[in-house]
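what's the 3D shape of this:
(2 chains)
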There are 2 protein chains.
Amino acid sequence: MTNPQGRRHPTIRQAAVVGTGVIGRSWIRVFARAGCRTRVYDPNPSQVEKALAWLEEDLSLDVADGLISAKEAAEQRARVTAHKDLVEALDGAGYLQESGPEEIDLKKAVFLQLDRVAGTQTVIGSSTSGLDMTEIAQGLPGARRCIVAHPVNPPHVIPVVEVLGGEHTDLEVIAKTCEFMSSVGQKPVFLNSYVSGFLLNRMQAALIREAIDLVERGVADVKAVDTVICEGLGLRWALMGPFGVANTNADGGIREYFTRYREAYIEDMNDLGPTPSLDQAMIERLAQGTDAMFNGTSRSEIRRWRDRVLQKVCAVKQSDPSPQVIFARELRQF
Amino acid sequence: MTNPQGRRHPTIRQAAVVGTGVIGRSWIRVFARAGCRTRVYDPNPSQVEKALAWLEEDLSLDVADGLISAKEAAEQRARVTAHKDLVEALDGAGYLQESGPEEIDLKKAVFLQLDRVAGTQTVIGSSTSGLDMTEIAQGLPGARRCIVAHPVNPPHVIPVVEVLGGEHTDLEVIAKTCEFMSSVGQKPVFLNSYVSGFLLNRMQAALIREAIDLVERGVADVKAVDTVICEGLGLRWALMGPFGVANTNADGGIREYFTRYREAYIEDMNDLGPTPSLDQAMIERLAQGTDAMFNGTSRSEIRRWRDRVLQKVCAVKQSDPSPQVIFARELRQF
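Residues are numbered from 1 along each chain as shown, chains lettered A, B, ... in the order given. Have a look, this model is predicted:
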């Protein structure tokens, strides 16, 4: 099986990954898989070593699971180089993906340094899940080439990337970023404006808020709530978003669906739970339910299962694509 | 490929399907696939004809797509009989699935009739997505065997079933229903108490509320919001619910995750949008975005794609099951 996201014509040939935690190390796989020369840097050298060890292991596991060939794994590996010097790491990079800590002052300091070191043509993308690029890049000479490219963990198995600029970001840089992300097999979505949590974490927070409330009120246990998602709503959502689902759930499409169910939806929406306290007692209660559900299985085993099965699921979708065309390639319009 | 939900040892050998709209007709496939003799009734005979025509076509498509063999399709078809007389349809049924209109007075009238006609040992399950069994079965001699078994559309490709009794429902009937649903390949989840919208429609409403708000505020378009789900969050949720995801997204598990991100979550949760008006202008705006996304593809084509790919996705999960054991079989404990 060839990797579902694998493409061999990246619109940018050399990428840099700065920050190699859980998100950064997964980006290495995205770029290397697509054929980019991928240079890796972390201010903490031991973090780079850990990321490279993970890369070796993860590639081996993919080979063992038949997801990629040994040759393919070796080729991906060969495209990755680690660098102790930031200047060297960024030299020649057309695209740079920053995945550092989510703290605004730290992020600003990192971007100040990256903007100083990176060549003027380098696009500087951040994996930030919630900071505002207007603020991060405020006052930087290269603010025009700074952009948010927020993935879902882990990006090498989940394609979506939220793309949005700050107020100084060039439209051309946005288009270039979307094109590059599409060319490496990701699915960029464009946000018109900054909003706290972007699209992804807001919708996730909405679902989690209600999930926690249902457990808190004793309507059902952690396992029941999770099962409704992973054996129910989540399966449908793996193929279509909420609007696509609404459009297929009534013979007359989304107009009929929301007209017919409007009152029921409004009633349910008005009845949704408030923001939970999430105090230590509540976290412990959720954790005990989750422990019972995971039943002693190690986190690394669950994660490996997740990554393996998600790659197979994406391969199914790739081999039998939706008759609708929703891909972000159309974003090229602007 | 054998069907992922296919099991041949149903704990109840004969089932009845009463009401054969979009949900009822899909239940026919669930029971027939599992090996149950399946008797079908609808007060409107033309509705039964339409359901049987759909069954023929859907089985043929599954054969054409290699999801089941022609022999398997013929066997499933042979287990299904249509009946013009309700007494005949219910004769010998161990389990009855009602999928009629969602209107409380109508539902009560239907249950009055079903309770009168069905043998005393027949469990009477309703596909209702929101009515309270305490009210539906109020005053019925057989209230003890009346229960909610709410599926996701379409149940023959999406396994989850929300199971909850009314205040008169026997615990034994709840256990029997969960066992039967498991034995036919569904994933029952048990609700301790009635709440409007159950688990599923509440969590769906929470996500949709925020999705609509994001479009209404102009943060992104319909397609972008849908893509964040179907190429992002939905993929992860097809494997794990929100608590499972939280538990795998931090090295220290869900305790670390919610402790570390507590403030960010509370901030995002407090900032979530209000219930939208969903007036005609808003519905039309969502519909135009959805039309653009579906790009002229017919609804039947999209539905067929959904059903085919979901069956393949479930087959992937079936062949590479989660190392955690979350299946509802454990519900037998009560």
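
Quick one: the helices in the stretch 51-200 of chain A, in order.
Ranges of helices in the stretch 51-200 of chain A, per DSSP state H, counting those that start in this stretch, are A:70-78, A:86-90, A:104-117, A:133-136, A:171-183, A:200-216.

Ok, which of the ones you listed comes nearest chain B?
Ranking the helices of the stretch 51-200 of chain A by proximity to chain B (C-beta to the nearest C-beta) places helix A:200-216 first, at 4.0 Å. (Each C-beta comes from the backbone N, C-alpha and C, glycine too.)

helices or strands up against the closest one?
Applying 3 or more C-beta pairs under 8 Å, 6 or more residues apart in numbering or on different chains; DSSP states H and E, we find helix A:200-216 packed against helix A:222-228, helix A:280-294, helix B:200-216, helix B:222-228, helix B:242-248, helix B:253-271.

Kindly reformat those helices as CSV containing mean pLDDT, mean neighbour count and distance to residue A:320.
Conversion of those to CSV gives the following (pLDDT from 0 to 100; neighbours: other C-beta atoms under 10 Å in any protein chain shown; distance: least, C-beta to C-beta, whole Å):
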stretch, mean pLDDT, mean neighbour count, distance to residue A:320
helix A:222-228, 97, 28, 26
helix A:280-294, 96, 18, 31
helix B:200-216, 97, 24, 25
helix B:222-228, 97, 28, 18
helix B:242-248, 96, 26, 26
helix B:253-271, 95, 18, 34
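
Which stretch among the helices of the stretch 51-200 of chain A is buried most, on average?
The highest average neighbour count among the helices of the stretch 51-200 of chain A, using mean count of other C-beta atoms under 10 Å in any protein chain shown, belongs to helix A:200-216 at a mean of 24.

Give me the angle between it and helix B:200-216.
Here helix A:200-216 runs at an angle of 150 degrees relative to helix B:200-216 (axes from the mean of the first three to the mean of the last three C-alpha atoms, to 10 degrees).

Return the alpha-carbon coordinates of helix A:200-216 using PDB.
The C-alpha trace of helix A:200-216 is given here as PDB (Å, rounded to 0.1, in the frame of the first residue of the first chain):
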ATOM      1  CA  LEU A 200     -10.900  23.400  14.800                       C
ATOM      2  CA  ASN A 201     -10.400  23.900  18.500                       C
ATOM      3  CA  ARG A 202     -13.700  25.800  18.800                       C
ATOM      4  CA  MET A 203     -15.700  22.900  17.300                       C
ATOM      5  CA  GLN A 204     -13.700  20.500  19.400                       C
ATOM      6  CA  ALA A 205     -14.400  22.600  22.500                       C
ATOM      7  CA  ALA A 206     -18.100  22.700  21.700                       C
ATOM      8  CA  LEU A 207     -18.300  18.900  21.500                       C
ATOM      9  CA  ILE A 208     -16.100  18.300  24.600                       C
ATOM     10  CA  ARG A 209     -18.100  20.800  26.600                       C
ATOM     11  CA  GLU A 210     -21.300  18.900  26.000                       C
ATOM     12  CA  ALA A 211     -19.500  15.500  26.500                       C
ATOM     13  CA  ILE A 212     -18.200  16.600  29.900                       C
ATOM     14  CA  ASP A 213     -21.600  17.900  30.900                       C
ATOM     15  CA  LEU A 214     -23.300  14.600  30.000                       C
ATOM     16  CA  VAL A 215     -20.900  12.700  32.200                       C
ATOM     17  CA  GLU A 216     -21.100  15.400  35.000                       C
END
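
Could you check the angle it makes with helix B:253-271?
Going by the same axes, to 10 degrees, helix A:200-216 makes 110 degrees with helix B:253-271.

show me what contacts whatever residue of the stretch 51-200 of chain A ends up closest to chain B?
Going by C-beta to the nearest C-beta, chain B is nearest to residue A:160 of the stretch 51-200 of chain A, at 3.3 Å. Shown in contact with residue A:160 (C-beta atoms under 8 Å, 6 or more residues apart in numbering or on different chains): A:151-152, A:186-189, A:200, B:227-228, B:231-233.

can we see that at 6 Å?
When contacts are counted by C-beta atoms under 6 Å, 6 or more residues apart in numbering or on different chains, residue A:160 touches A:152, A:187, B:228, B:231-232.

Any chance of JSON lines for these, columns distance to residue A:213?
Output for these, formatted as JSON lines (distance: C-beta to C-beta, whole Å):
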{"residue": "A:152", "distance to residue A:213": "24"}
{"residue": "A:187", "distance to residue A:213": "31"}
{"residue": "B:228", "distance to residue A:213": "23"}
{"residue": "B:231", "distance to residue A:213": "28"}
{"residue": "B:232", "distance to residue A:213": "23"}
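
Neighbour-wise, which one of the residues you listed leads?
With neighbours taken as other C-beta atoms under 10 Å in any protein chain shown, the top of those is residue B:228, carrying 29 neighbours.

Any stretches of chain A with poor pLDDT?
Applying pLDDT under 70 to chain A flags residues A:1-8, A:324-334.

Return the set of residues that bridge with the residue of the stretch 51-200 of chain A closest to chain B.
Beta bridges link residue A:160 to residue A:187, judged by DSSP bridges.

any idea how far it lies from residue A:199?
Noted for residue A:160: a distance of 9 Å to residue A:199, by C-beta to C-beta, to the nearest Å.

Same check on residue A:98?
To residue A:199, residue A:98 is 20 Å away according to C-beta to C-beta.

for residue A:247, same thing?
Distance of residue A:247 to residue A:199, given as C-beta to C-beta: 19 Å.

got any residues that touch both of residue A:160 and residue A:199?
With C-beta under 6 Å, 6+ apart, residue A:160 and residue A:199 have common neighbours residue B:228.

domains of chain A?
Under the assignment automatic domain parsing, the domains of chain A span A:14-196+A:328-333, A:200-296.

Quick one: closest of the ones you listed to residue B:172.
Of all the domains of chain A, domain A:200-296 sits nearest to residue B:172, with 19.7 Å by C-beta to C-beta.
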